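*Asks:* Provide a 3D model corresponding to the input given below.
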Amino acid sequence: MPTPEAFFLHKLVTASRRREEDKRAKDLDQCAVIAPKLDRERLDHVCRSVKFSFKTWSAIRSSCELISFPPQLLGLKG
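*Replies:* I've put the predicted structure just below:
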């Protein structure tokens with residue numbers, strides 16, 4: 001079972017790749033619900049341990065904006 005922080009990051013990526021609007025919205029809703037419960041240290045650790053392309057990080061930033069989550073908490077510049 002993934003940590004909430006890994007699940008959150010996974011759902012941000014998944015949402016950005018969805019073609020179906022209702023599934024994208026569901027992924028983003030899940031992110032919005034879990035976001036306040038994330039441990040910032042663990043989130044930082046998860047973000048540092050993954051290797052994503054610039055394009056994927058840009059998609060993650062876009063997903064963050066859609067749920068009003070500060071991308072700075074993922075190590076991204078706002």
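*Asks:* what are the ranges of the helices in this protein?
*Replies:* All helices of the chain, identified by DSSP state H, fall at 4-17, 21-34, 40-49, 54-66.
*Asks:* Check those helices for me and report the most buried one.
*Replies:* helix 4-17 (a mean of 19; mean count of other C-beta atoms under 10 Å). No exception for glycine: its C-beta is placed from N, CA and C like everyone else's.
*Asks:* can you list contacts of that one?
*Replies:* 2, 24, 27-28, 30-31, 34-35, 37-39, 42-43, 45-47, 50, 52, 56, 59-60, 62-64, 66, 74 (C-beta atoms under 8 Å, 6 or more residues apart in numbering).
*Asks:* just for the chain, where's the confidence low?
*Replies:* For the chain, the stretches with pLDDT under 70 are 78.
*Asks:* From the centre of it, give me the residue that's furthest out.
*Replies:* Distance from the C-alpha centroid of the chain, by C-alpha atoms, centre = their mean, peaks at residue 20 (18.0 Å).
*Asks:* any idea how far residue 7 is from it?
*Replies:* As judged by C-beta to C-beta, to the nearest Å, residue 20 and residue 7 stand 20 Å apart.
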